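**Student:** Sequence unavailable; structure follows:
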């Protein structure tokens, strides 16, 4: 799917990517607010305006590098919304809910995007070979990337390595002595993730879980 690079395709990737990382961070902030922490709201981060969440490297340069390098997956990240986990009540439940909210939001967007693809393709005889065909196919391509990017972002954040959401969820579920051991890993978390990406150690993980879900959500009607 990512073999023939062109600028138009990059734009079609960036649009759903920006929305995916934005909805991910807003979900964290909104969940934190519901659990007693207004920090994200006070910082003006409970907005779907992607400019408020944009990270120059994670939202633009990283997906460009992955695309140009021929990576089988393209994803990115936004500036994390500020969350004061110490004031969440109840603390353990709040931590789990806030940490998992972004992942759940990405799964929901992927499912909705897949539903829209199925709906649009069911009306294929109506718009095929009409003036609207090019516009509809661009929209379908946007939705396909929305499915892929949101699933990749959700599964990536499920990896139980801090500072990813999966690491925070795992830590909150463990007894205190084990939590301390996980905390010791956090300073090296990004290094571990970079090594996993550089050595393509996650490719099998993505192919086993993400590819079947992609085919499920788009209905197998479109070849990737």
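**Tutor:** Yes, it's here. Since we're looking at a predicted model, the values are computed, not measured.
**Student:** Can you point out the buried residues in the helix or strand containing residue 151?
**Tutor:** Residue 151 belongs to helix 133-158 when assigned by DSSP states H and E. Across helix 133-158, burial judged by 16 or more other C-beta atoms under 10 Å covers 136, 140-158. Placement of C-beta: from N, CA and C, glycine included.
**Student:** what helices or strands is that helix leaning on?
**Tutor:** helix 7-34, helix 91-122, helix 165-173, helix 203-218 (3 or more C-beta pairs under 8 Å, 6 or more residues apart in numbering; DSSP states H and E).
**Student:** next one: the first one to chain centre, how far?
**Tutor:** Taking the mean C-alpha point of helix 7-34 and that of its whole chain, the gap between them comes to 7 Å (C-alpha atoms, centre = their mean, to the nearest Å).
**Student:** OK, contacts around residue 167?
**Tutor:** Shown in contact with residue 167 (C-beta atoms under 8 Å, 6 or more residues apart in numbering): 159-161, 182, 185-186, 189.
**Student:** List only those of these flagged as buried.
**Tutor:** Counted by 16+ other C-beta under 10 Å, those give 159, 161, 182, 189 as buried.
**Student:** any weak-confidence spans in the protein?
**Tutor:** 1-6, 70-75, 198, 220-224 (pLDDT under 70).
**Student:** what's near enough to touch the most centrally placed residue in it?
**Tutor:** Geometric centre of the chain, nearest residue: residue 153, 2.7 Å, by C-alpha atoms, centre = their mean. Contact analysis of residue 153 by C-beta under 8 Å, 6+ apart lists 20-21, 24, 75, 77, 106.
**Student:** picking up where we left off before, could you redo the helices and strands packed on helix 133-158 as CSV and give each row distance to residue 82?
**Tutor:** Below are these laid out as CSV (distance: least, C-beta to C-beta, whole Å):
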stretch, distance to residue 82
helix 7-34, 8
helix 91-122, 12
helix 165-173, 14
helix 203-218, 30
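**Student:** Point out the one among those that comes closest to residue 63.
**Tutor:** helix 7-34 (5.7 Å; C-beta to C-beta).
**Student:** Name the residues of the closest one that are buried.
**Tutor:** Quick answer for helix 7-34 (16+ other C-beta under 10 Å): 10, 12-14, 16-33.
**Student:** and the angle from that helix to helix 91-122?
**Tutor:** 140 degrees (axes from the mean of the first three to the mean of the last three C-alpha atoms, to 10 degrees).
**Student:** Can you name every helix or strand that helix 7-34 contacts?
**Tutor:** Against helix 7-34 (3+ C-beta pairs under 8 Å, 6+ apart) you get helix 39-42, helix 62-68, helix 91-122, helix 133-158.
**Student:** And the contacts of the first one?
**Tutor:** To tie it back to what came earlier, the one meant is helix 39-42. Residues contacting helix 39-42 (C-beta under 8 Å, 6+ apart): 28-30, 32-33, 46, 81-84.
**Student:** go with 6 Å
**Tutor:** Helix 39-42 is contacted from outside by 29, 32-33, 46, 81-82, 84, using C-beta atoms under 6 Å, 6 or more residues apart in numbering.
**Student:** Please identify the buried residues of it?
**Tutor:** 39-41.
**Student:** again with the longest one
**Tutor:** For helix 91-122, the neighbour count (16+ other C-beta under 10 Å) marks 94-103, 105-107, 109-111, 113-114, 116-117, 120 as buried.
**Student:** Over to the second one?
**Tutor:** The neighbour-count check on helix 62-68 (16+ other C-beta under 10 Å) flags 62-64, 66-67 as buried.
**Student:** How is the nearest residue in space to residue 89 that is not next to it in sequence assigned, secondary-structure-wise?
**Tutor:** Closest residue to residue 89 apart from its sequence neighbours, by C-beta to C-beta, 6 or more residues apart in numbering: residue 36 at 4.7 Å. Classification of residue 36 using DSSP: H, G, I helix; E, B strand; the rest coil returns coil.
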